[in-house]
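In: Just the structure for this:
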Amino acid sequence: MAVYSIRDLERLTGIKAHTIRIWEQRYRLVVPHRTDTNIRYYTDDELRLLFNIALLNRHGYKISKLADMPHERIADLVAEIAENNNSHNTQIDAITLSMIDMDELGFERIFSAYVWDNGFERTMVELIYPFLDKLNILWLTNSISAAHEKFISNLIRRKLMAAIDKEPIDTPGDAPTFVLYTPEGETQELTLLFMHYLLRTRGYRVVYLGANTSLNDIRDISHTLKPAYIFTILQEPLPRQTIQNYVDNASRSVNGSELLLTGAQLFMNPVKLPDNAKVLSGLPDTLEFLKNLQGKETLA
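Out: Next comes the predicted model:
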């Protein structure tokens, strides 16, 4: 059984701790448990109820009315709204609950419905990436466990790989080649996989090296393939070297290719970019880069 503090509830649901206390005191809605030393704590049951109450409240149900409803009725109303409502907040809350409950079927229903209505790329941009931003905050504040993070990340990873496999491998002979990799010790593979998908859907050739790739490997493949672009992610601190040192070495290893960089470390540390390197500052900038690249090819 997971145990949460009131601050955990605030981070997970977005409801202020002060509001949670008022709901508790005035309506007895979310009642905490107490340790032997009288410290308040909450379980998955209280967290789930709070998610449901918050969702219904956003859809016009008064807290005073919800306080008198049986929990089963609240759950039924939430199910009806979730089935017929495509608002981002509602769906992100639903994915968060499926993660906490480790409910693969619940995740599948939410994800598949959004893909059906909006397509895979929009589902990633509008639903999954905002959820992952929330997930990072929950992870950094210890509001979820490593097991929760691994569970939901692997579900998303499977979706990305399945979507990539559906795209045709054959590309025009003059299409630019992209090499995708992450450095040794970097764990942010979901962004790399989504970049793979974006490139495949746009007709580019992709050589996917994946995680834990050394600069020696990059040097070898650059000499062999002479790709137009090499893309990597620097999200986490690198062991035994500075980000500047890594960028300088990487730029020398790509053998004339353009080095595309993204990740938090590039903004947390001042980096002087070599002439053959470019920073893509997040998903919107990446999408704009690909749009401009397609525009140049159309003009050519």
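In: ok now do residue 189, which residues does it touch?
Out: 157, 182, 210, 211 (C-beta atoms under 8 Å, 6 or more residues apart in numbering). Bear in mind the C-beta positions are built from the backbone N, C-alpha and C, glycine included.
In: what's the most distant pair in those?
Out: 157 and 182 (13.5 Å; C-beta to C-beta).
In: Residue 230: which of the contacts of residue 189 is nearest?
Out: When the contacts of residue 189 are compared against residue 230 (criterion: C-beta to C-beta), the nearest one is residue 182, at 11.7 Å.
In: what sits against that closest one?
Out: 188, 189, 192, 210, 211, 212, 213, 232, 233.
In: Would you point out which residue is most central in this structure?
Out: residue 132 (2.6 Å; C-alpha atoms, centre = their mean).
In: ok, and the closest non-adjacent residue to that one?
Out: Among residues not flanking residue 132 along the chain, residue 190 sits closest, at 7.0 Å (C-beta to C-beta, 6 or more residues apart in numbering).
In: I'd assumed residue 152 was in contact with that neighbour.
Out: No: in this structure, residue 190 is not within contact of residue 152 by C-beta atoms under 8 Å, at 10.2 Å.
In: Please identify which of these two sits among more neighbours.
Out: Using other C-beta atoms under 10 Å as the criterion, residue 190 and residue 152 rank with residue 152 on top: 23 against 19.
In: can you tell me the helix or strand for the more buried one?
Out: Assessed by DSSP states H and E, residue 152 sits inside helix 146-166.
In: Tabulate the CA atom coordinates of the helix or strand following that helix in CSV.
Out: Remark: after helix 146-166, the chain's next helix or strand is strand 177-181, criterion DSSP H and E. Extracted C-alpha coordinates of strand 177-181, given in CSV (Å, rounded to 0.1, in the frame of the first residue of the first chain):
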residue,chain,number,x,y,z
THR,A,177,19.9,10.6,-43.1
PHE,A,178,19.6,11.1,-39.3
VAL,A,179,21.5,9.2,-36.7
LEU,A,180,19.8,9.1,-33.3
TYR,A,181,21.6,8.2,-30.0
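In: hmm, back to that, distance from the chain centre to the helix holding residue 152, please.
Out: 10 Å (C-alpha atoms, centre = their mean, to the nearest Å).
In: Give me the contacts around the helix or strand where residue 230 lies.
Out: According to DSSP H and E, residue 230 maps onto strand 229-233. Contact with strand 229-233 is made by 176-183, 186, 188, 191-192, 195, 218, 222, 250, 254, 257-263, as judged by C-beta under 8 Å, 6+ apart.
In: So which bits of the first helix or strand past that strand going along the chain are buried?
Out: Next in sequence after strand 229-233, counting helices and strands by DSSP H and E, comes helix 243-253. Within helix 243-253, the residues that count as buried by 16 or more other C-beta atoms under 10 Å are 243, 246, 247, 248, 250, 251, 253.
In: pLDDT score for the fourth one?
Out: Pointing back at residue 248 there. We have a pLDDT of 96 for residue 248.
In: quick one, what contacts it?
Out: So residue 248 contacts residue 274 (C-beta under 8 Å, 6+ apart).
In: The fifth one too?
Out: The contact partners of residue 250, taken as C-beta under 8 Å, 6+ apart, are 215, 218, 230, 232, 259, 277.
In: which of these lies closest to residue 70?
Out: residue 232 (52.9 Å).
In: Run through the bridge partners of that closest one.
Out: Here residue 232 sits in beta bridges with residue 181, residue 261, going by DSSP bridges.
In: how much space between it and residue 247?
Out: Distance of residue 232 to residue 247, computed by C-beta to C-beta, to the nearest Å: 10 Å.
In: repeat for residue 120
Out: Residue 120 is 32 Å from residue 247, by C-beta to C-beta.
In: Ok, residue 125 next?
Out: Distance from residue 125 to residue 247, by C-beta to C-beta: 27 Å.
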